[in-house]
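Participant: sequence first, predicted model second:
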Amino acid sequence: MEKSEFVGKIRDGVRVYSVLYFVLFLGISVCGSYGDDDYKHPLSVIAIHKTQFALHISASIEAKPALLGLKGEDTQWVTVELEHPEPSSGDWVGVFSPANFNSSTCPPIDPDNWKIGKPYMCTAPIKFKYANNSNPNYANTGKSSLKFRLINQRADFSFALFSGGVSNPKLVAISNHISFANPKAPLYPRLALGKAWDEMTVTWTSGYNIDEAVPFVEWGLKGESKVRSPAGTLTYDRSSMCGEPARTVGWRDPGFTHTSFLKDLWPNSEYTYRLGHRLFNGTYIWSKKTFSFKGSPYPGQDSLQRIIVFGDMGKAERDGSNEYSIEPGSLNTTDQLVRDLKNYDIVFHIGDMAYADGYLAEWDQFTEQVEPIASTKPYMVASGNHERDWPDSGSFFTPLDSGGECGVVAETMYYVPAENRAKFWYSADYGMFKFCIADTEHDWRKGSEQYEWIEKCLASADRRKQPWLIFAAHRVLGYSSNSWYGGEGTFSEPEGKDDLQKLWQKYRVDIAFFGHVHNYERICPIYQSQCVNTEKSQYSGVQNGTIHVVVGGGGRSLSDYSSLIPVWSVYRDHDFGFVKLTAFNHSSLLFEYKKSRDGEVYDSFTIYREYKDVLACVHDSCEPTTLAN
């Protein structure tokens, strides 16, 4: 829509509505049942429903270049030149996509979604910057030049200049439209293990539905002939969202998610692949480049195997449009893992991934951010409160943390080898490792469906072949000296370890990982709140307790510790970081905690254990025996 047409439509009778409700409710979430009670998503501070039409005849905003991705790029820098004869320090520029963002794009009035009549604007920007971001003297000169980094998100873009700050926005000027040359291109591949050890899945996003093109992956051993495997296609619509803002100002068309299953892989062998769509006119659309990955090791294979574990990362903008952002460490973690890409084999991101919280454009931004990792290493995920929780949605906890997504977005955009992806628990075999990934946003207590699955998963580990048994979940079901857990006196999610600790002990789980708390903490080998081993740097002999680790410092603003330091707390670090596990063989495992800012090791220990040490009986680990002949 041209600027003149846009203005005409508005002048023809669009009313302006004030929505105090927006400030009080929209986008506010808390970090589960314990945590950041004052948290607001950065985009929720913009009272977009209160926008007033105030186009200034002498104000202007222009974006260039107008056409992006001419060489197949899926990211490009855009320069935005703006001029305002009545500038103020509260002026800001929002990036909108699709480019037409006036009231004509609002959905039909629905009392459950819109508390009053249709507003002037009903779409939040995908990101924004203050006009003085690059010119501190803007309030005097009224001129500024801003640079934005855009990614291909299947639609065109426009920029809008607002005065009045974010709490009382007044639309002053609207830019020209810009777009990518191929907005529907296949983008942001993300690998994941399949249900069989010799299967890899490839998931990606595009603008092509199955009535327009057939999705597939062309792949094969490096340097050899390729085959093509078809892909399935999923999407969701606004009605799939459970509430605001996902259903209202945060809604954005997700395009289509495709998943292909690459089977019968040779262990440890390198494969190359590229994404494809065959249009019905016979032409082909290909991904921007060819990617590569290694097949998983055979279960029990005695080879070097390296695992990355962290939680709670989020996304951040490389162009500096991080106003009110609370994921300050996310790019450090991402970039450190990209630099170290050759030195690990698989990643486990245990919940709270994008922190989109109902602003759905941020899922594209997150998948683009981690693409250098996820396109070449299996990127396994777990469900967190910011993916799943919403009242009356079936989640175990019922705050507003998912922003109305109620698990739909994560379950669609990421493949996990679960029997039912709405129940986000699954097992994964990787060489000498057995992983049991739980879903803390569903009931885990004894008698629940998930509890029975957890026991089945742990019991299925053949410890002669897979000596390293790992349990992971988002919320702390074990031990944490975080301040809010300490204040409750539980030092864990209430009822977290009540039933599970007997399973960890019975099946001799080596390490239990948790996120949710945004820091790092290592707990001694423990059972029923008692350390069962006084060593701190080297563990050997009989496996008599599970080591618990909180590794939620992936990037979200950090959590404080309790002033009390429990005797079981071995090492605490108030910084961003991740864990690396290195299995050298069946009896030797190295654990390292690394900071995201420098990649250096700040805490470590080793485990040396023989098969007989796992079989040995310790308290609550063996069935009764008999001396009968």
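Facilitator: Arrived safely. Numbering: from 1, shown residues only.

Participant: pLDDT wise, what is His518 at?
Facilitator: According to the prediction, His518 has pLDDT 98.

Participant: same check on Glu2?
Facilitator: Confidence at Glu2, expressed as pLDDT, is 40.

Participant: tell me which element Val352 falls in.
Facilitator: That one is not Val; residue 352 is Asp. Here Asp352 is covered by no helix or strand, with elements defined by DSSP states H and E.

Participant: check contacts around it.
Facilitator: When contacts are counted by CB atoms under 8 Å, 6 or more residues apart in numbering, Asp352 is found next to 311-314, 384-387, 474, 515-516, 552, 554, 556. (C-beta placed from N, C-alpha, C; glycine too.)

Participant: same question, Met241
Facilitator: The neighbourhood of Met241, defined by CB under 8 Å, 6+ apart, consists of 247, 251, 358, 404-406, 408.

Participant: ditto for Glu327
Facilitator: If a contact means CB under 8 Å, 6+ apart, then Glu327 has 313-316, 355, 555-557 as its contacts.

Participant: what's the helix or strand for it?
Facilitator: Applying DSSP H and E, one finds Glu327 in no helix or strand.

Participant: now the closest residue to Arg445 other than its chain neighbours: how far from Thr51?
Facilitator: Among residues not flanking Arg445 along the chain, Asp499 sits closest, at 5.3 Å (CB to CB, 6 or more residues apart in numbering). Going from Asp499 to Thr51 by CB to CB, to the nearest Å gives 51 Å.

Participant: which one of these two has more residues nearby?
Facilitator: Using other CB atoms under 10 Å, the more surrounded residue of Asp499 and Thr51 is Thr51, with 25 against 17.

Participant: touching, that one and Cys122? I think so.
Facilitator: No: no contact is recorded between Thr51 and Cys122 when judged using CB atoms under 8 Å, the distance being 9.6 Å.

Participant: Lys612 in helix, strand or coil?
Facilitator: Following DSSP: H, G, I helix; E, B strand; the rest coil, we place Lys612 in the helix state.

Participant: give me the neighbour count for it.
Facilitator: Per other CB under 10 Å, the neighbour tally for Lys612 reads 9.

Participant: identify the residues contacting it.
Facilitator: If a contact means CB under 8 Å, 6+ apart, then Lys612 has no contacts.

Participant: please identify which pair of the contacts of Met241 lies farthest apart.
Facilitator: Maximum pairwise distance among the contacts of Met241 (CB to CB): 13.7 Å, between Trp251 and Cys406.

Participant: the more surrounded of these two?
Facilitator: For Trp251 against Cys406, the residue with the higher neighbour count under other CB under 10 Å is Cys406, and the figures read 27 against 24.

Participant: which element is that one on?
Facilitator: Using DSSP H and E, Cys406 maps to neither a helix nor a strand.

Participant: pretty sure it sits against Arg388.
Facilitator: Yes: between Cys406 and Arg388 there is a contact under CB under 8 Å: 6.6 Å.

Participant: mind listing the shared neighbours of the two?
Facilitator: The overlap between the contact sets of Cys406 and Arg388 (CB under 8 Å, 6+ apart) consists of Ser395.

Participant: distance between the lengthiest helix in the chain and the chain's centre?
Facilitator: Among the segments of the chain that qualify as a helix by DSSP state H, the longest is helix 361-374. For helix 361-374, the distance between its averaged C-alpha position and the chain's averaged C-alpha position is 8 Å (CA atoms, centre = their mean, to the nearest Å).

Participant: can I get that helix in CSV? Just the C-alpha atoms.
Facilitator: Listed next in CSV are the C-alpha coordinates belonging to helix 361-374 (Å, rounded to 0.1, in the frame of the first residue of the first chain):
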residue,chain,number,x,y,z
ALA,A,361,8.5,-13.1,14.8
GLU,A,362,11.2,-13.8,17.3
TRP,A,363,11.2,-17.5,16.6
ASP,A,364,12.5,-16.8,13.1
GLN,A,365,15.2,-14.5,14.7
PHE,A,366,16.2,-17.3,17.1
THR,A,367,16.4,-20.0,14.5
GLU,A,368,18.6,-17.7,12.3
GLN,A,369,20.8,-16.9,15.3
VAL,A,370,21.6,-20.6,16.1
GLU,A,371,21.6,-21.7,12.4
PRO,A,372,25.4,-22.0,12.3
ILE,A,373,25.2,-24.5,15.1
ALA,A,374,21.9,-26.3,14.4
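
Participant: which parts of it are buried?
Facilitator: Buried residues in helix 361-374, counting neighbours by 16 or more other CB atoms under 10 Å, are found at 361-371, 373-374.

Participant: now for these, which pair is the farthest apart?
Facilitator: Within these, Ala361 and Ile373 form the most distant pair, 20.8 Å apart (CB to CB).

Participant: OK, contacts around the residue most central in space within the chain?
Facilitator: When the chain is reduced to its mean C-alpha position, the nearest residue by CA atoms, centre = their mean turns out to be Met353, at 1.7 Å. Listed by CB under 8 Å, 6+ apart, the contact set of Met353 reads 313-314, 366, 381, 384, 386-387, 410, 414.

Participant: excluding covalently adjacent residues, which one is nearest to Ser240?
Facilitator: Excluding the flanking residues, the one nearest Ser240 by CB to CB, 6+ apart is Val408, at 5.0 Å.

Participant: again, but for Ile126
Facilitator: Using CB to CB, 6+ apart and skipping residues adjacent in sequence, the residue nearest Ile126 is Ala361, 4.1 Å away.

Participant: what sits against that neighbour?
Facilitator: The neighbours of Ala361, taking CB under 8 Å, 6+ apart as the test, are 97, 126, 153, 252.

Participant: please parse the protein into its domains.
Facilitator: Domain assignment for the chain, taken from the TED database, gives 58-178, 299-613.

Participant: buried deepest among those domains, which one?
Facilitator: Most buried of these by mean neighbour count (mean count of other CB atoms under 10 Å) is domain 299-613; its value is a mean of 21.

Participant: surely Tyr451 touches Asp499?
Facilitator: Yes: look at Tyr451 against Asp499 with CB under 8 Å: they come within range, at 6.4 Å.

Participant: shared neighbours, those two?
Facilitator: Overlap of the contact sets of Tyr451 and Asp499 (by CB under 8 Å, 6+ apart) consists of 444-445.

Participant: in TSV, list the contacts of Met353 along with distance to Lys536 and secondary structure.
Facilitator: Written out in TSV, the entries for the contacts of Met353 read as follows (distance: CB to CB, whole Å; DSSP: H, G, I helix; E, B strand; the rest coil):
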residue	distance to Lys536	secondary structure
Met313	28	coil
Gly314	32	coil
Phe366	36	helix
Val381	31	strand
Gly384	30	coil
His386	33	helix
Glu387	35	helix
Ala410	37	helix
Tyr414	36	coil
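
Participant: of those, which is the nearest to Glu62?
Facilitator: Proximity to Glu62 was ranked across the contacts of Met353 by CB to CB; first place goes to Phe366, at 29.4 Å.

Participant: which residue packs closest to the closest one, ignoring adjacent ones?
Facilitator: Counting by CB to CB, 6+ apart, the nearest residue to Phe366 once its immediate chain neighbours are dropped is Ala354, at 3.6 Å.

Participant: gap between the nearest residue to Lys195 once chain neighbours are set aside and Phe513?
Facilitator: Using CB to CB, 6+ apart and skipping residues adjacent in sequence, the residue nearest Lys195 is Pro417, 4.4 Å away. For Pro417, the distance to Phe513 equals 18 Å [CB to CB].

Participant: cool, Thr259 as well?
Facilitator: Using CB to CB, we find Thr259 at a distance of 26 Å from Phe513.

Participant: which neighbouring elements make contact with the host helix or strand of Val347?
Facilitator: Counting by DSSP H and E, the element that carries Val347 is strand 346-349. Using 3 or more CB pairs under 8 Å, 6 or more residues apart in numbering; DSSP states H and E as the contact criterion, the neighbours of strand 346-349 among helices and strands are strand 305-310, strand 379-381.

Participant: cheers, nothing more for now.
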